[in-house]
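[1] Predicted model, plus sequence, below.
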Amino acid sequence: MDGEIERFIKVWLISTTCLCYCYYISSKIPKGFLRLLSILPILYLFLILPLNLSSFHLGGPTTFFLVWLSTFKLILFSFNQPPLFPLPNNIFHFISIASLPINPQQSNSTTTFSSKKSILPLTCLKVVILVAIICSYEYREYMHPYFILVLYCCHMYLGIELVLAISAAPVRTMFGFEIEPQFNEPYLSTSLQDFWGRRWNLMVTGILRPTVYNPVRHIIRSYVGSTYATSAATLATFVVSGLMHEVIYYYLARAPPTWEVTWFFVLHGVCTSVEVAVKKILLRRGWRLHRAVSGPLTITFLAVTGNWLFFPQLLRNGVVSKGIGEYAILVNFVKDKLPLHLIS
């Protein structure tokens, strides 16, 4: 554990140095392909740095932050696109925005205080539920497979939300940034469009929209019209998301891709496009499914397809078991490092 933490610190020190280069050097180069060319060595380093980490809970977030978020943000920065443009006056702001799920918008103190008060009880409840899920894994052999699937889905949602919120919270406290909302109660989704576009992993949605969706839609629209361009852009966005998940799966499992997770996103891209088209037709006729029906249908479809294509690669390569086992290692590490004898 000590060695992994040391490697983790080195990875982030190197990453911070790379972002300093982007702030001081690349920002002086005119926007466009010349600036992108100056950033390419940094993008390469961000691809290989997470390979130094083998743990699930340190390597996973680092891969997501560097390989996906930072890479896409720096590509947008090459063409003077948000969130790194306009260039922050403070280098620490630049590094925080580039490497973490941070929205570079100064928060209103009154709104933030009231928001914290309303969010805190729900966050505490989510922590309690996550701990209960982790503890329940000891009795997996006595559980029905479908119930285990529910636990995995809840664990993934709660784990990602809490880890990303915790990682960005210190920066928000120091600089007054608002944290990009990662999730908006995805269990209340009433459609695939609602789930992927408005409720699940909104930071990724906000990054893929300007890097994939908008360019593809703009290029294709003049050839096939607005409707087909929207469908093609949606499918392209899901394909890129699937490929990025394959990359993250490789860093976690260190096994060749099986493309199951890519097909998961291709399937959802096709289904989302069809759903949007069908909804438009039904709405013209005044038909609309009640949320009491569409909600369970959406969650069921997500769970079934996730069990079919999303989770198998993680289960087959032992990533899930590895992640669960790290909780015990973390507890033992804390016990060894804390001076508990002073308390007793």
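    Perfect, I can see it now.
[2] Can you spell out which helices and strands pack onto the helix or strand containing residue 279?
    Secondary structure from DSSP states H and E places residue 279 in helix 260-284. Applying 3 or more Cβ pairs under 8 Å, 6 or more residues apart in numbering; DSSP states H and E, we find helix 260-284 packed against helix 192-194, helix 226-253, helix 291-305, helix 312-316. Glycine gets a C-beta too; all of them are placed from N, C-alpha and C.
[3] neighbouring contacts of the third one?
    Contact partners of helix 291-305, identified using Cβ atoms under 8 Å, 6 or more residues apart in numbering, comprise 149-150, 153, 187-192, 194-195, 264, 267-268, 271, 289.
[4] how about the CA coordinates for that helix, as CSV?
    Provided in CSV are the C-alpha atoms of helix 291-305 (Å, rounded to 0.1, in the frame of the first residue of the first chain):
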residue,chain,number,x,y,z
ARG,A,291,-43.4,8.1,-15.5
ALA,A,292,-44.7,5.3,-13.3
VAL,A,293,-44.4,3.1,-16.4
SER,A,294,-41.4,4.6,-18.3
GLY,A,295,-39.2,4.9,-15.2
PRO,A,296,-39.2,1.2,-14.2
LEU,A,297,-38.9,0.2,-17.9
THR,A,298,-35.8,2.5,-18.3
ILE,A,299,-34.1,1.2,-15.1
THR,A,300,-34.9,-2.4,-16.1
PHE,A,301,-33.4,-2.0,-19.6
LEU,A,302,-30.3,-0.4,-18.1
ALA,A,303,-29.8,-3.2,-15.6
VAL,A,304,-30.5,-6.1,-18.1
THR,A,305,-28.1,-4.7,-20.7
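[5] change the start of the numbering to 101 and stick with it
    From this message on, residue numbering opens at 101, which makes the last subject helix 391-405.
[6] centre of the chain versus it, how much separation?
    Put simply, helix 391-405 sits 22 Å off its chain's centre (Cα atoms, centre = their mean, to the nearest Å).
[7] can you tell me the distance between the two ends of stretch 297-309?
    Stretch 297-309 has an end-to-end distance of 10 Å (Cα to Cα, to the nearest Å).
[8] what residue ranges in the stretch 151-300 of the chain score low on pLDDT?
    Residue ranges of the stretch 151-300 of the chain with pLDDT under 70: 203-218, 278-280.
[9] all helices of it, in order?
    Secondary structure of the stretch 151-300 of the chain (DSSP state H, counting those that start in this stretch): helices at 156-163, 171-178, 191-199, 209-236, 245-275, 292-294.
[10] want to throw those into a markdown table with mean neighbour count?
    Formatted as a markdown table, the helices of the stretch 151-300 of the chain follow (neighbours: other Cβ atoms under 10 Å):
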| stretch | mean neighbour count |
| --- | --- |
| helix 156-163 | 21 |
| helix 171-178 | 21 |
| helix 191-199 | 21 |
| helix 209-236 | 12 |
| helix 245-275 | 16 |
| helix 292-294 | 20 |
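[11] Can you give me the end-to-end span of stretch 139-158?
    So stretch 139-158: terminal residues 25 Å apart, Cα to Cα.
[12] Mind listing what's buried along it?
    Going by neighbour count (16 or more other Cβ atoms under 10 Å), the buried part of stretch 139-158 is 139, 142-143, 145-146, 149-150, 153, 155-158.
[13] do the same with stretch 377-395
    Across stretch 377-395, burial judged by 16+ other Cβ under 10 Å covers 379, 394-395.
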